[in-house]
Each structure stands twice: as structure tokens, then as C-alpha cells.
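A.B. asks: got a structure for you, letters missing:
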């Protein structure tokens with residue numbers, strides 16, 4: 001058994017829907033994809049998604065493998081002229097952003113606006129959980145990527161208390177009735193690892209994130225024996241292992257892979273799981289923070305193929321591909337024809353003693369809204385944006401969409 005050390009990650013409220021290429025069922029066995037596939041196979045139009053969301057597996061490639069040898073800190077140097085254009089868009093306090101035009105890998109253009117200001121990352125932090133699982137898979141099967149994919153397709157795990165308590169629904173497809181229903185996770189739910197990953201990223205289900213987090217911890221603890229681990233044995237492990245040992249393991253599993261690619265604790269860290277049920281086993285540690293610079297470091301290295309390894313980077317990028325309803329930043333009509341790889345997150349709180357307004361996604365105590373996106377226009381511009389905001393008493397979804405249009409206009413019209 002591997003050394004037991006550390007985790008944590010924040011709960012967040014987020015919306016972002018429908019990922020993985022629509023022709024990916026044969027590779028992943030994610031049953032949700034059959035709903036789209038069957039509609040298209042019948043010759044019917046699938047109107048829920050824009051043109052850019054119909055990309056296929058073969059369309060999704062890494063954009064920066066030719067400069068994989070270049071260090072991230074040397075790549076993220078501000079281009080003064082580009083930065084000046086971008087920085088005019090942001091209204092001031094409450095906004096932070098990084099933008100990278102990577103259309104020409106040999107001539108990157110980077111802009112930064114309050115890039116090192118820390119925000120509660122909300123569900124954008126689920127990208128770190130995605131990363132943690134792929135990092136542990138690489139340790140179990142260091143030279144066999146297809147064995148990792150096979151495990152994701154075939155290993156079924158039960159929700160238990162880890163996956164319950166989130167009001168966000170998940171899509172559950174009935175292959176016999178060829179029908180899709182959306183409902184909350186229940187303790188008896190069993191899905192494959194790939195499907196739990198999809199639930200975590202596609203509908204940003206907090207319970208799914210906690211289940212994926214749990215499985216990354218179990219991989220770290222059991223190594224090669226993980227593939228044969230039963231649900232009952234996993235449950236026994238958490239019951240019999242001291243809580244402080246599990247908390248340390250959780251913190252290490254999710255944060256160490258970020259440190260290994262040069263993302264510091266102040267750049268991006270996670271402090272606890274996403275649901276309350278597992279708190280009997282795993283505590284919180286160190287708090288959670290994210291910066292536009294830290295998130296950009298991750299997204300650029302993903303495009304270089306340096307996050308875990310090249311094959312893992314590509315697979316994670318596929319999981320981030322938006323193939324369903326686009327929201328917030330990604331909803332800009334200027335992006336309709338583009339492929340987008342997107343994660344959005346929010347986290348807000350109301351203080352009733354204050355006279356200022358407060359509501360859903362419009363907290364008056366704090367009101368974090370974050371968008372991380374890679375945009376690929378067909379045959380054209382390619383860029384990454386990491387936008388983080390904390391604007392009190394206002395739902396910033398509209399502002400994010402406006403900024404998406406303006407940033408796209410500057411990049412595509414250059």
C-alpha cells in the first residue's frame with residue numbers, strides 16, 4: 001500500500017452541461033451519449049447544441065505539443081500591446097483574468113489583468129479532481145494507457161454517502177426504453193468511472209465530484225489492487241482508517257499533481273470534498289483558492305501534453321469538450337461555430353443583515369463566478385481565457401457573456 005498522505009477540495013455551486021464528443025460512446029461507454037447518437041441516427045435534428053458542439057473525437061487535438069519543451073513561466077510573458085487591448089475591457093475591482101492567443105504556437109500573445117488575485121474557485125476546482133484521477137491511473141498503469149481507459153470503462157462503483165446531498169441532477173439513460181431522465185444521485189447508484197467523471201464535469205454534480213475524489217484516494221491507497229477492490233472493501237477502508245490520515249491523503253492526491261507541473265499553493269489549491277456526507281471520514285485542510293494565472297498554467301500545459309502525459313492531457317481535454325447547452329461565458333453567440341472546452345463555477349453567500357440585494361448567484365457577502373475556456377474557431381483563431389469575478393449583489397453571467405464576445409472580437413479581428 002502506498003504512503004497515506006493528503007487531500008481536500010471545496011464545495012461549490014456551478015452550472016456547466018454536457019461534455020465529451022458526441023461520437024465517444026464506443027470509447028467510453030458513457031450511456032448519456034446514446035441519447036444524442038440515437039437522435040442523429042434517426043435523421044432527426046438535435047437542436048440543443050450549436051454547430052461548434054458537433055465536433056468528433058478526431059477533431060480534438062492538443063494545440064501546443066510542438067512547444068512542449070518550453071517552460072510555462074517563459075510562455076506566460078505579457079505582450080504589452082495585446083494586454084493593453086484586453087485590459088480595457090475589465091471594469092476594475094472584482095474582476096481578474098488571463099488571456100492567451102495560441103493561434104500561432106511560435107508567437108503566443110498573453111494578457112493578464114490582476115492575474116494573481118485569489119478567488120474561491122467553486123466548481124472550476126473539479127478540474128483538479130479530474131486531474132487527480134488521471135494522475136493516479138498513470139501510477140497504476142505507467143506504460144499502458146489503454147489499460148487506464150479499460151478501467152474507466154469497466155470499473156463500476158457505488159455512490160454511497162459520497163454522492164448524495166446535491167440538488168443538481170444527472171442524466172440517466174435507459175438503453176432499453178431509449179429514454180433519458182434527469183434526477184438527483186441516490187446512494188444505491190452505480191456507474192462506471194467514466195460516467196462518474198462525465199457527471200462531475202458535464203453537469204457539475206457535486207456528488208459525482210466527491211465519488212471521483214474518493215476513487216482517486218483509493219487508487220493511491222491500493223495501487224494495482226484497486227481494480228479488484230469491491231464496494232464493500234472500499235467502505236471498510238474508510239471506516240478503519242483514521243480520519244486525519246485520510247484527510248492528509250486527500251490533500252496530497254489532489255494538490256500534489258498541481259505542484260508537479262509548477263502550479264504553486266498560492267496559484268491553486270483545494271481544501272475539501274464537494275459534499276457533506278464524507279465529512280465523517282475526510283476533513284478539510286488548507287482552504288481553497290484559485291487565480292487566473294494558476295488556472296492558465298494548467299490549461300496551457302494541458303495543450304502542451306504535459307499534464308500527467310500527452311495521452312492523459314488529450315483525454316481530459318475531451319472530457320472538457322462542451323457538447324450540450326452552453327451557459328455564461330460560453331453562451332456568447334460569437335462562439336456558436338467554435339469548439340469550446342469549458343468549465344464554469346460559482347460560489348455565493350448572503351448576509352441578511354446587509355441592506356444590499358442578494359439572491360441566487362448574486363450574493364452580497366461574496367459572489368464568486370469563474371469561467372475557464374479554450375476556444376477553437378474552425379480553421380482560425382485558438383485561445384484560452386480564465387476569468388474570475390467577485391461582483392456583489394449581481395449575477396455576473398451576462399457580464400461574462402459580454403466579455404466573451406468582446407475578447408473574441410479582439411482576437412479574431414486582429
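C.D. replies: Yes, it's here. Being a predicted model, the structure only gives us computed values, none of them experimental. Residues are numbered from 1 along each chain as shown.
A.B. asks: tell me the contacts of residue 311?
C.D. replies: residue 145 (CB atoms under 8 Å, 6 or more residues apart in numbering). Any C-beta I mention is one placed from the backbone N, CA and C, and that applies to glycine too.
A.B. asks: now do residue 403
C.D. replies: With contacts defined as CB under 8 Å, 6+ apart, the neighbours of residue 403 are 89-90, 97, 329, 387.
A.B. asks: so where do the helices sit in this protein?
C.D. replies: Assigned by DSSP state H, the chain shows helices spanning 25-28, 32-41, 72-75, 80-87, 126-140, 145-154, 193-202, 206-222, 231-240, 243-259, 292-304, 310-319, 397-412.
A.B. asks: Serialize these to CSV and add fields for mean pLDDT.
C.D. replies: CSV is the format used below for the helices of the chain (pLDDT from 0 to 100):
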stretch, mean pLDDT
helix 25-28, 81
helix 32-41, 80
helix 72-75, 96
helix 80-87, 97
helix 126-140, 98
helix 145-154, 96
helix 193-202, 94
helix 206-222, 97
helix 231-240, 97
helix 243-259, 98
helix 292-304, 98
helix 310-319, 97
helix 397-412, 96
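A.B. asks: of all these, which lies closest to residue 177?
C.D. replies: Judged by CB to CB, the one of these that comes nearest to residue 177 is helix 32-41, at 11.3 Å.
A.B. asks: Which positions in stretch 145-155 come out as buried?
C.D. replies: If you call a residue buried by 16 or more other CB atoms under 10 Å, then stretch 145-155 has these buried ones: 145, 148-149, 151-153, 155.
A.B. asks: Pull the most distant pair out of the residues you listed.
C.D. replies: Checking the buried residues of stretch 145-155 with CB to CB, the most distant pair is 145 and 155, at 15.7 Å.
A.B. asks: Name the residue closest to the centre of the protein, please.
C.D. replies: Using CA atoms, centre = their mean, the residue of the chain that lies closest to the mean C-alpha position is residue 127, 3.2 Å off.
A.B. asks: Spit out the contact partners of that residue.
C.D. replies: Contacts of residue 127 by CB under 8 Å, 6+ apart are 298, 320, 343, 372.
A.B. asks: go on, residue 338?
C.D. replies: Residue 338 sits in contact with 52, 375-378, where contact means CB under 8 Å, 6+ apart.
A.B. asks: try residue 209
C.D. replies: 9, 123, 126, 129, 200, 273-275.
A.B. asks: any idea how far it is from residue 185?
C.D. replies: Residue 209 sits 11 Å away from residue 185, going by CB to CB, to the nearest Å.
A.B. asks: Excluding covalently adjacent residues, which one is nearest to residue 166?
C.D. replies: The shortest distance from residue 166 to any non-neighbouring residue, by CB to CB, 6 or more residues apart in numbering, is to residue 206 (4.0 Å).
A.B. asks: What is the neighbour count of the one you found?
C.D. replies: 26 (other CB atoms under 10 Å).
A.B. asks: thought it was touching residue 275?
C.D. replies: Yes: assessed by CB atoms under 8 Å, residue 206 is found in contact with residue 275 at 5.3 Å.
A.B. asks: just to revisit the earlier point, switch the contacts of residue 338 over to CSV; also include neighbour count and distance to residue 113.
C.D. replies: Below are those laid out as CSV (neighbours: other CB atoms under 10 Å; distance: CB to CB, whole Å):
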residue, neighbour count, distance to residue 113
52, 21, 26
375, 26, 18
376, 23, 23
377, 18, 23
378, 12, 28
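A.B. asks: what's the most distant pair in the residues you listed?
C.D. replies: 375 and 378 (11.0 Å).
A.B. asks: Need the overlap of contacts for those two.
C.D. replies: In contact with both residue 375 and residue 378: 338-339, using CB under 8 Å, 6+ apart.
A.B. asks: picking that back up, now, the contacts of residue 127 that are in strands?
C.D. replies: 343, 372 (DSSP state E).
A.B. asks: Between the contacts of residue 127, which sits nearest residue 214?
C.D. replies: Looking across the contacts of residue 127 and measuring by CB to CB, the closest to residue 214 is residue 343, at 20.4 Å.
A.B. asks: For the closest one, give its distance to residue 22.
C.D. replies: Taking CB to CB, one finds residue 343 at 19 Å from residue 22.
A.B. asks: Same check on residue 356?
C.D. replies: As for residue 356, its distance to residue 22 is 43 Å (criterion: CB to CB).
A.B. asks: of these two, who's got more company?
C.D. replies: Each of residue 356 and residue 22 has its neighbours counted (other CB under 10 Å); residue 22 has more, 22 against 12.
A.B. asks: residues contacting that one?
C.D. replies: Counting by CB under 8 Å, 6+ apart, residue 22 has contacts 33, 36-37, 40, 53-54, 56, 323.
A.B. asks: could you flag which of those are buried?
C.D. replies: 33, 36-37, 53-54, 323.
A.B. asks: Dump those residues to a markdown table, plus distance to residue 118.
C.D. replies: Shown next, in a markdown table, are the buried ones among the contacts of residue 22 (distance: CB to CB, whole Å):
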| residue | distance to residue 118 |
| --- | --- |
| 33 | 36 |
| 36 | 38 |
| 37 | 42 |
| 53 | 32 |
| 54 | 37 |
| 323 | 31 |
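A.B. asks: Among the residues you listed, find me the one that's closest to residue 78.
C.D. replies: residue 53 (32.2 Å).
A.B. asks: Okay then, goodbye and thanks.
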